[in-house]
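Chemist: turn this into a structure:
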Amino acid sequence: MLKIDALVFLVNSMTQPEKKAFKLSTQRINLVPSYVSLFDIIAKDRNISVDSIRLQFQAMNKAASFDATVKYLYKVILDILLELRKEQDSYYLLFNLIMKARILFEKSLFEECFGLLHKVIADAKKHENYYALLLASKLELEYLLALNFPLVDEKALLNKHYKINEILSIIRKINEQASLYELLKYRVVLLGNVRSQQQKLNLNDLVVSEMSILASSNIENFEINKLHQLFQANYLISVGDYKSALRSYMELSALFEKNKHLWNNPPIYYLLTIEGVLDSLRSIRNYEGMTYFIEQLKKMESPSVNFNANVKCLIFLYELFPFLDNGDFLASTTLLEQNQENLYNKMNLLNLTRQAELSLYAALIYFGKKNYKKAHKYLSMIMLKGKNYYYMPLYRTIRLVNLMILYELGDFNLISYETRSIKREMKDYDKGYQMEKTMLNFLNKQNIPATQRKREIVWAKVSGEMELLRHDIYEQQVLRIFDFTAWIECKTRKIPLEEIMQTKSQLL
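Modeler: This is a model prediction of the structure:
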């Protein structure tokens, strides 16, 4: 990313308190510096182009270098944000105190230096920040060595060595646990959830390793317990065992609630936990149980604009699902329109996966309302940037929904072309969901009988297969995004989609 692009993104991501802190830092200056005028140009228009920024800046600051000012403003903003973080986050604060201790030692203020290091060690233990604890403990030994171990006997020195080895052991256990969780997430993100018994067996190496680490660990630690529960819950979700996953997530939620002083800032892992609980509750269609956790999301606040946007996105999605899953497209549309300004118009603050989810669910809402052109417009936001999204398991579902839209619009030539393309890109086609194969076959058929009686006969022949798909734990991975069997029944029996979805939800 070019420095000016990074600067524009940085300025647009600043909160109001952060912008106020920047302005306060420049109030003592009588003349407006060039970097402040550059900040004002960027801040007043979120959608301004780089060329416009350059032209406006050069018109206001004829003697200043644009590129040099960009670099300087970037540095100033980062310094201010870092200063603010020291007051808001124990992680920043501890490492800042370590840097101050180093300065005190360099200035021969040894008593003050060791006093500060002891404070860091005590606070690091309280916040279970083992990296700061290790660094402070090692610095203490390094400085004691430089001063020839004043007032330290051999027993005390050995005790300090023992404590450092304990810290290293904890860090190693945390790293081992984190590595397995990261590997599991990597496989799920790139390969998708488990689609067959064989793919479930392919995860056994991670499960066995995780159990081995847990069995060999005698350390009671928040981070290790957190990573263990995250691993268990994500594994159970990936294999379709949502009830067991919910139990793991509930245990994890209780662990977080008991250890609020150990939360990250922003609390990313807690957010993942709440999302996991909501995902599990949705999967077992316990919509009433979702209310409490949605309220927990609404209480979350952070200095991070991107984190707050992600929270808003999750609140919207999990308020939407009870309507969308039950075929209430009218209520879904109302909720979407209420969130158009504060969410959909700020999608650039979200990661690619969230952008894809928002576009997909907006398309499904308008698809249910039979506004196929508007549905296609939302999907085009993703389809036109396919190279950025094609690696996501969700992308194939997006393409399936796009084929449904093309089917409703009667563009069968494009359906045929897209179907061949999907089959090529799936590589190992046999590893796809059976639901995906069924959809591709149905979308390429144009011989549905005209009379209702014959339609019912056709449906009677395939309804058994549809029910098997709906109750298959692996096929439910894709069906919980959207019930494609309901759409096939809708087109076969010529019954409104919302009516079928509402009937099916009442039977569950």
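Chemist: which pLDDT value goes with residue 432?
Modeler: Looking at residue 432, its pLDDT reads 66.
Chemist: stretch 270-288: which residues count as buried?
Modeler: Within stretch 270-288, the residues that count as buried by 16 or more other Cβ atoms under 10 Å are 270-283, 285, 287. No exception for glycine: its C-beta is placed from N, CA and C like everyone else's.
Chemist: go ahead and confirm residue 267 touches residue 302.
Modeler: Yes - using Cβ atoms under 8 Å, residue 267 is in contact with residue 302, at 7.4 Å.
Chemist: any shared contact partners between these two?
Modeler: Overlap of the contact sets of residue 267 and residue 302 (by Cβ atoms under 8 Å, 6 or more residues apart in numbering) is empty.
Chemist: and which of the buried residues of stretch 270-288 is nearest residue 467?
Modeler: Nearest to residue 467 among the buried residues of stretch 270-288: residue 285, at 16.8 Å, using Cβ to Cβ.
Chemist: which helix or strand in the chain has the lowest average pLDDT?
Modeler: Lowest mean confidence among the helices and strands of the chain (mean pLDDT, DSSP states H and E): helix 386-389, at a mean of 69.
Chemist: which element follows that one toward the C-terminus?
Modeler: Note on helix 386-389: by DSSP states H and E, the next helix or strand toward the C-terminus is helix 393-409.
Chemist: mind listing what's buried in the following helix or strand past that next one?
Modeler: Downstream of helix 393-409, the next assigned helix or strand under DSSP H and E is helix 412-425. Across helix 412-425, burial judged by 16+ other Cβ under 10 Å covers 415, 418, 419, 422.
Chemist: how about the last one, nearest residue that isn't a chain neighbour?
Modeler: Spatial nearest neighbour of residue 422, excluding adjacent residues (Cβ to Cβ, 6 or more residues apart in numbering): residue 399 at 5.8 Å.
Chemist: from the buried residues of stretch 270-288, which land in helices?
Modeler: 270-283 (DSSP state H).
Chemist: specify which member of these is nearest to residue 322.
Modeler: Using Cβ to Cβ, these come closest to residue 322 at residue 282, 8.3 Å.
Chemist: what's the helix or strand for the closest residue to the closest one other than its chain neighbours?
Modeler: Nearest residue to residue 282, sequence neighbours excluded (Cβ to Cβ, 6+ apart): residue 321, at 5.2 Å. Using DSSP H and E, residue 321 falls within helix 305-325.
Chemist: next SSE downstream of that helix?
Modeler: From helix 305-325, the next helix or strand downstream (DSSP H and E) is helix 329-338.
Chemist: that following helix packs against which elements?
Modeler: Helix 329-338 is packed against helix 305-325, helix 352-368, with contacts defined by 3 or more Cβ pairs under 8 Å, 6 or more residues apart in numbering; DSSP states H and E.
Chemist: follow-up on the earlier one: show me the contacts for the residue nearest to residue 422.
Modeler: Neighbour list for residue 399: 383, 418, 422 [criterion: Cβ under 8 Å, 6+ apart].
Chemist: touching, the first one and residue 398? I think so.
Modeler: Yes - under the criterion of Cβ under 8 Å, residue 383 is in contact with residue 398, at a separation of 7.2 Å.
Chemist: please say which of those two ends up with more neighbours.
Modeler: Neighbour count, other Cβ atoms under 10 Å: between residue 383 and residue 398, residue 398 has more, with 22 against 16.
Chemist: contacts only, for that one.
Modeler: 356, 359, 360, 379, 382, 383, 389.
Chemist: next one: the helix or strand where residue 293 lies to chain centre, how far?
Modeler: Secondary structure assignment for residue 293, by DSSP H and E: helix 290-298. Here the centre of helix 290-298 is set off from its chain's centre by 17 Å, with Cα atoms, centre = their mean, to the nearest Å.
Chemist: buried ones in it?
Modeler: By neighbour count on 16+ other Cβ under 10 Å, the buried set for helix 290-298 is 290, 293, 294, 296, 297.
Chemist: specify which member of those residues is nearest to residue 50.
Modeler: If you rank the buried residues of helix 290-298 by distance to residue 50 using Cβ to Cβ, residue 297 comes first, at 35.2 Å.
Chemist: residue contacts, the closest residue to the closest one other than its chain neighbours?
Modeler: Leaving out its chain neighbours, the residue that sits closest to residue 297 by Cβ to Cβ, 6+ apart is residue 315, at 5.1 Å. Counting by Cβ under 8 Å, 6+ apart, residue 315 makes contact with 294, 297, 298.
Chemist: the same query, at a cut-off of 10 Å, please.
Modeler: Neighbouring residues of residue 315 by Cβ atoms under 10 Å, 6 or more residues apart in numbering: 278, 294, 295, 297, 298, 300, 339, 343.
Chemist: tell me the mean pLDDT for the helix or strand hosting residue 504?
Modeler: Counting by DSSP H and E, the element that carries residue 504 is helix 497-507. Average pLDDT, helix 497-507: 86.
Chemist: in the helix or strand containing residue 4, what counts as buried?
Modeler: Per DSSP H and E, residue 4 falls inside helix 3-12. Residues 4, 7, 8, 11, 12 are the ones in helix 3-12 that count as buried (16+ other Cβ under 10 Å).
Chemist: what does it contact?
Modeler: With contacts defined as Cβ under 10 Å, 6+ apart, helix 3-12 is touched by 1-2, 18-19, 22, 38-43, 45-50, 53-54, 66-67, 69-71, 73-74, 77-78, 81, 305-306, 346, 348-349.
Chemist: what subset of these is buried?
Modeler: 18, 22, 38-39, 41-43, 53-54, 69-70, 73-74, 77, 81, 306, 349.
Chemist: could you list the domains of the chain?
Modeler: For the chain, the domain assignment from automatic domain parsing gives the residue ranges 3-88, 90-152.
Chemist: I'd like these laid out as JSON lines, including mean pLDDT and distance to residue 261.
Modeler: Formatted as JSON lines, those follow (pLDDT from 0 to 100; distance: least, Cβ to Cβ, whole Å):
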{"stretch": "domain 3-88", "mean pLDDT": "87", "distance to residue 261": "14"}
{"stretch": "domain 90-152", "mean pLDDT": "94", "distance to residue 261": "7"}
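Chemist: of those domains, which stretch is the most buried?
Modeler: Most buried of the domains of the chain, by mean neighbour count (mean count of other Cβ atoms under 10 Å): domain 90-152, with a mean of 16.
Chemist: coming back round to it: would CSV of the contacts of residue 399 with pLDDT and distance to residue 134 be doable?
Modeler: Listed next are those as CSV, based on pLDDT from 0 to 100; distance: Cβ to Cβ, whole Å:
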residue, pLDDT, distance to residue 134
383, 82, 48
418, 87, 54
422, 81, 50
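Chemist: now those in CSV, with distance to residue 168?
Modeler: Putting the contacts of residue 399 into CSV (distance: Cβ to Cβ, whole Å) gives the following:
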residue, distance to residue 168
383, 50
418, 54
422, 50
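Chemist: mind listing which of the buried ones among the contacts of helix 3-12 are in helices?
Modeler: Using DSSP H, these in helices are 18, 22, 38-39, 41-43, 53-54, 69-70, 73-74, 77, 81, 306.
Chemist: so how far is residue 397 from residue 466?
Modeler: Between residue 466 and residue 397 the computed distance is 18 Å (Cβ to Cβ, to the nearest Å).
Chemist: neighbour count winner among those two?
Modeler: Using other Cβ under 10 Å as the criterion, residue 466 and residue 397 rank with residue 397 on top: 22 against 19.
Chemist: so who does the nearest residue to the more buried one once chain neighbours are set aside touch?
Modeler: Counting by Cβ to Cβ, 6+ apart, residue 397 lies nearest to residue 481, which is 5.5 Å off, once chain neighbours are set aside. Counting by Cβ under 10 Å, 6+ apart, residue 481 touches 325, 357, 360, 361, 364, 394, 397, 398, 400, 401.
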